[in-house]
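1. Starting from these lines, generate the structure:
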Amino acid sequence: MDYSIKNNDIILSEKDFNLDETLDCGQAFRWKKIQSDYLCTYEGSFFNNKLVISEKSKGEFILHNVSEADFLEIWADYFDLYTDYSQLKMIFSEDETLSKACNFAGGIRLLKQNSWECLISFIISQNNNIPRIKGIIDRLCDNYSGFPTAEQMNGVTADDLSYLRSGFRGKYLAHAAECVNSGEIVLSEIAAAPIDEARTALKKIKGVGPKVAECILLFGMHRTEAFPIDVWIKRVLEEYYPNGFPNYLKENGGIAQQYLFHYIRNKP
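-> Presented below is the predicted three-dimensional model:
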């Protein structure tokens, strides 16, 4: 990671980063592409920290109106800039399929999201499409003037959440808030638990099945060994890994999965 400060902006140089591939791949739902004179510009939030970020040219980015302290303490961690993705991709590329996937979309990075925000977001994501997921989350944030904390959602019922127009997911959101506020679910403890214990604990929340649990672990707790399997990844595993995903890759299998997911969905 290399950066400089210009006026009130952070100028970031990072060759293993692409905004479209990272912010529009389904791992987070609070980023919107907006018009600009740059290659692309996104505005969005990490919990209630807001950001406008532009890709000025390949490998060069502008974080607009961001202090150096906020960049180092919030955004560098959120975009996982302290991890060497060149090294990861070199390891991944020992595998033929992953080599193709990394070459196809080498700018994907794993976003290190807030665990509560991620829990709520992926409950909403069930059997849903990205535009509708974003709409539901927008309505939730509008109601609370920002993404609500678990405490702010203490005591809510499915009826209270009817304004979200989230269907059956409303009762699951209410149960998640109840579990966290009662102390039955302690997200920080789950994040630190052995992976199988963490999976079991998350699935105590109504509406959190195997795939959603893996997403929360990977995107909200940075457990890179978590490996969400949807129809696309199931297809990858059946077509390219009939004998199982390589053991030597499993420690960072969740990051590898992101490259594979993008590749199988978008390859020519």
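2. which residues of the stretch 1-150 of the chain fall in strands?
-> Along the stretch 1-150 of the chain, counting by DSSP state E, counting those that start in this stretch, strands occupy 2-6, 9-13, 31-34, 40-46, 49-57, 60-63.
3. Could you dump those strands into CSV with mean neighbour count and distance to Cys102 added?
-> For the C-beta atoms, the positions are set from N, CA and C on the backbone; glycine is no exception. Converted to CSV, these look like this (neighbours: other CB atoms under 10 Å; distance: least, CB to CB, whole Å):
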stretch, mean neighbour count, distance to Cys102
strand 2-6, 11, 21
strand 9-13, 18, 20
strand 31-34, 15, 23
strand 40-46, 18, 21
strand 49-57, 17, 19
strand 60-63, 20, 20
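4. quick one: which of those is nearest Ser115?
-> strand 40-46 (12.1 Å; CB to CB).
5. Which strands or helices does the closest one pack on?
-> Packing partners of strand 40-46 (3 or more CB pairs under 8 Å, 6 or more residues apart in numbering; DSSP states H and E): helix 19-23, strand 31-34, strand 49-57.
6. partner strands of that strand, parallel or antiparallel?
-> The sheet places strand 40-46 alongside strand 31-34 (antiparallel), strand 49-57 (antiparallel), with pairing taken from DSSP bridges.
7. Same list (those strands) but as a markdown table, adding mean pLDDT and distance to Asp16.
-> Supplementary listing: the strands paired with strand 40-46 in a markdown table, determined by pLDDT from 0 to 100; distance: least, CB to CB, whole Å:
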| stretch | mean pLDDT | distance to Asp16 |
| --- | --- | --- |
| strand 31-34 | 96 | 19 |
| strand 49-57 | 97 | 13 |
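8. Serialize those strands to a markdown table and add fields for distance to Glu94.
-> Shown next, in a markdown table, are the strands paired with strand 40-46 (distance: least, CB to CB, whole Å):
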| stretch | distance to Glu94 |
| --- | --- |
| strand 31-34 | 32 |
| strand 49-57 | 29 |
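9. what about those, which gets the closest to Leu111?
-> Nearest to Leu111, of all the strands paired with strand 40-46, is strand 31-34, at 9.3 Å by CB to CB.
10. returning to that earlier point: let's have the strands of the stretch 1-150 of the chain in JSON lines, adding distance to Gln258.
-> As requested, the strands of the stretch 1-150 of the chain are exported to JSON lines (distance: least, CB to CB, whole Å):
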{"stretch": "strand 2-6", "distance to Gln258": "23"}
{"stretch": "strand 9-13", "distance to Gln258": "20"}
{"stretch": "strand 31-34", "distance to Gln258": "15"}
{"stretch": "strand 40-46", "distance to Gln258": "17"}
{"stretch": "strand 49-57", "distance to Gln258": "18"}
{"stretch": "strand 60-63", "distance to Gln258": "19"}
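11. closest one to Phe147 among these?
-> Closest approach to Phe147 among the strands of the stretch 1-150 of the chain (CB to CB): strand 40-46, 7.0 Å.
12. Format the CA atom coordinates belonging to that closest one as CSV.
-> Output of strand 40-46 as CSV, limited to C-alpha atoms (Å, rounded to 0.1, in the frame of the first residue of the first chain):
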residue,chain,number,x,y,z
CYS,A,40,-15.5,5.1,-11.9
THR,A,41,-16.7,6.6,-8.6
TYR,A,42,-18.6,5.0,-5.7
GLU,A,43,-20.3,6.5,-2.7
GLY,A,44,-21.2,4.3,0.3
SER,A,45,-20.7,3.4,3.9
PHE,A,46,-19.0,1.0,6.2
